[in-house]
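In: based on what follows, work out the 3D shape:
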Amino acid sequence: MKEQIRSALLQNYSEPVRDSLWGHIYLTRELSSIIESSSFMRLHRIMQLGPTLRVYPGATHTRASHSIGVYHLARRLIIHLAEEGADEWLTVEGVKSFLCAALLHDLGHFPYTHSLKELPLKEHEALTGDLILTEEMKSLVGKAGADPYFTAAIVAEDRSSEPHGELLFYRKLLSGSLDPDKLDYLSRDARYCGVPYGAQDVDFILSRLHPNKERGADIDSRGISGIESLLFSKYLMYRAVYWHKTVRAATAMVKKAILGGLKSQSFSPDELYNLDDQGLFAISGRLSSSLKNLVDSVRNGRLYSAVIEIPFDENAHRELSDLTLRAEAEAGIAEELGSKDSIIIDIPENISFESGLFVRDENLLFSESTSAFKKDLIDRFVKSLRIVRVFIEPGFEREYPALHEKILQICKKWLKL
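Out: From the prediction side, this is the model:
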């Protein structure tokens, strides 16, 4: 490893942070100042998994601990790749910008996990880029030896639509198929939920990576099993944790309420940026009573119940992926039932299990390699996870048991079954 890169990665990391997953994580004094900033402190007030604690009470870890973990793995990754030859195209400023980008990659993340995803808002990566270039963060990143503009461009694609060279390399590492973000959140979320599915053999996975200037990192065939483990872990975590129907119910309720608030102009998109979990609940006080009741119900543990669960069908349900059309269908079902605000349709977004990695010694993409993860297997994974659910206000069926069959028939009509 070239001496200047070695110095940038190994010297002056004297400030320890004790992490429950990775043990001691070391930062420079300048990086330590970043995690003490007000912008970063907001991440301590955003739970990583939001309503998941309803199912797994231990899931109270935060975006801050995850972000520090991603930085830790990013540093380990870049040290390994530099030793494997990436130091030929790395610069000291670029390396430090990459570490800052890893530490700050979730700086603009929305509160309450992914409840605001799919809403007509800026992507959280774009918000992160904006915040990095806002004082005090811009100065702190500069003092850490990084270029704030380059750091923002690593995280936010809108800041450089055609990346090349060192920027492309860092983007592929931070937001690729095998990135420190995924390695941390799968392991961390599994640890705090108390499930065994997400734990990864990080040491082995890193050891099988080789730098590529255009692709970020390639693997060799010995590393295929590690990637298969990661992909299967992702599948199991989505099945058991991230898309558990109780989590989906709470997320859908908050999403419906916030979407309604945006449409009624109870608040503007700008007012939703940079909130923490409590701030999101506070702003819900501006909503109409019916929408506010949705948020209050989530806070008080009174979640909607699933009355229909069917596999997503691209032909039948494509239109319902549009939130406006979905709201119209919800209103139509509710009207036929004679209950104004009792229905929520939940459709999980598309998800990918394609690795995109290149297996160096087989000279093939991962999906074409000797891995068992072929297209038909991946398709079955996705199909088993993407479940369309119709949630109904708790107690509605118990109060109107004679309407149970009618509920099913009305929902089936709107869902084109």
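
In: the stretch 201-350 of the chain: strands as residue ranges?
Out: 209-212, 216-219, 305-311, 343-346 (DSSP state E, counting those that start in this stretch).

In: what mean pLDDT does the helix or strand hosting Gly69 get?
Out: Gly69 belongs to helix 63-83 when assigned by DSSP states H and E. Helix 63-83 carries an average pLDDT of 98.

In: quick check: next helix or strand after it?
Out: helix 92-104.

In: what element comes up after that next one heading to the C-terminus?
Out: helix 124-132.

In: now do that next one against helix 92-104, angle only.
Out: 120 degrees (axes from the mean of the first three to the mean of the last three CA atoms, to 10 degrees).

In: what residues does the helix or strand that helix 124-132 is followed by touch?
Out: Going down the chain from helix 124-132, the next helix or strand is helix 137-143, by DSSP H and E. Helix 137-143 is touched from outside by 30, 33-34, 37, 39, 97, 100, 104, 107, 131-132, 147-148, 151, with contacts defined as CB atoms under 8 Å, 6 or more residues apart in numbering. All C-beta spots, glycine's among them, are computed from the backbone N, C-alpha and C.

In: quick check: ChimeraX command selecting the buried ones in the residues you listed.
Out: Buried residues among those (16 or more other CB atoms under 10 Å), as a ChimeraX selection:
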select :30,33,34,37,39,97,100,104,107,131,132,147,148,151
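
In: so what's the residue count around His317?
Out: 19 (other CB atoms under 10 Å).

In: equivalent analysis for Thr134, please.
Out: So Thr134, with other CB under 10 Å, has 13 neighbours.

In: just to revisit the earlier point, I'd like the contacts of helix 137-143 as TSV, with distance to Glu335 and pLDDT appended.
Out: Shown next, in TSV, are those (distance: CB to CB, whole Å; pLDDT from 0 to 100):
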residue	distance to Glu335	pLDDT
Glu30	59	98
Ser33	56	98
Ile34	52	98
Ser37	50	97
Ser39	45	96
Ser97	54	98
Cys100	52	98
Leu104	46	98
Leu107	43	97
Leu131	43	97
Ile132	47	98
Asp147	56	97
Pro148	52	97
Thr151	50	97
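
In: shaky segments in the chain?
Out: Along the chain, segments meeting pLDDT under 70 span 161, 339-341, 395-404, 416-417.

In: contact partners for the residue lying closest to Gly176 once chain neighbours are set aside?
Out: When the adjacent residues along the chain are set aside, Gly176 lies closest to Gly216, with 5.1 Å between them (CB to CB, 6 or more residues apart in numbering). By CB under 8 Å, 6+ apart, Gly216 lies in contact with 169, 171-173, 176.

In: ok, Gly145 next?
Out: 8, 30, 92-93, 96.

In: run the last query once more with 6 Å
Out: In this structure, Gly145 makes contact with Lys96, judged by CB atoms under 6 Å, 6 or more residues apart in numbering.

In: repeat for Ala329
Out: Ala329 neighbours (CB under 6 Å, 6+ apart): Trp414.

In: run the last query once more with 7 Å
Out: 320, 345, 414 (CB atoms under 7 Å, 6 or more residues apart in numbering).

In: spatially central residue for the chain, please.
Out: His114 (7.2 Å; CA atoms, centre = their mean).

In: chain neighbours aside, what residue packs nearest to that residue?
Out: Thr251 (6.5 Å).

In: the one you found touches Glu118, doesn't it?
Out: No. Thr251 lies out of contact with Glu118 (CB atoms under 7 Å); the separation is 10.3 Å.

In: neighbour count for the two, which is higher?
Out: Neighbours were counted for Thr251 and for Glu118 using other CB under 10 Å; Thr251 has more, 24 against 15.

In: can you pull the contacts of that one?
Out: Contacts of Thr251 by CB under 7 Å, 6+ apart are 51, 114-115.

In: cutoff 8 Å now
Out: Going by CB under 8 Å, 6+ apart, the list of residues near Thr251 reads 50-51, 112-115, 346.

In: got the CA coordinates for stretch 40-51 in CSV?
Out: Extracted in CSV, the C-alpha atoms of stretch 40-51 (Å, rounded to 0.1, in the frame of the first residue of the first chain):
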residue,chain,number,x,y,z
PHE,A,40,-25.7,13.6,13.2
MET,A,41,-27.3,13.7,16.6
ARG,A,42,-30.7,13.6,14.9
LEU,A,43,-29.9,10.1,13.8
HIS,A,44,-29.8,9.0,17.5
ARG,A,45,-33.5,10.0,17.6
ILE,A,46,-34.5,7.8,14.6
MET,A,47,-35.0,4.1,15.3
GLN,A,48,-33.5,2.0,12.6
LEU,A,49,-36.5,-0.2,12.3
GLY,A,50,-39.4,2.0,13.5
PRO,A,51,-42.5,-0.1,14.2
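
In: circling back: could you dump the strands of the stretch 201-350 of the chain to a markdown table with distance to Leu280?
Out: Shown next, in a markdown table, are those (distance: least, CB to CB, whole Å):
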| stretch | distance to Leu280 |
| --- | --- |
| strand 209-212 | 38 |
| strand 216-219 | 34 |
| strand 305-311 | 24 |
| strand 343-346 | 18 |
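
In: the ones you listed: which one's closest to Pro269?
Out: Distance to Pro269, taken as CB to CB, is lowest for strand 343-346 among these, at 21.8 Å.

In: for the closest one, packing partners?
Out: If you count contacts as 3 or more CB pairs under 8 Å, 6 or more residues apart in numbering; DSSP states H and E, strand 343-346 packs onto helix 245-263, helix 323-337, strand 387-392.

In: let me know the next secondary structure element after that strand.
Out: strand 358-359.

In: can you tell me what sits against that next one?
Out: Contacts of strand 358-359 (CB under 8 Å, 6+ apart): 212, 215, 218-221, 224, 364-366, 369.

In: that older thread, how near is the residue nearest to His114 to Val359?
Out: Using CB to CB, to the nearest Å, we find Thr251 at a distance of 36 Å from Val359.

In: just Trp414 next, same as before
Out: In terms of CB to CB, Trp414 sits 46 Å off from Val359.

In: the more surrounded of those two?
Out: Using other CB under 10 Å as the criterion, Trp414 and Val359 rank with Val359 on top: 24 against 18.

In: tell me the bridge partners for that one.
Out: Note on Val359: beta-bridge partners Ile219, Leu364, judged by DSSP bridges.

In: for Glu368, see how far away it is.
Out: From Val359 to Glu368 the distance is 8 Å (CB to CB).

In: before we move on, back to that, for the residue nearest to the centre of the chain, grab phi and psi.
Out: phi -110, psi 30 (degrees, to the nearest 10).
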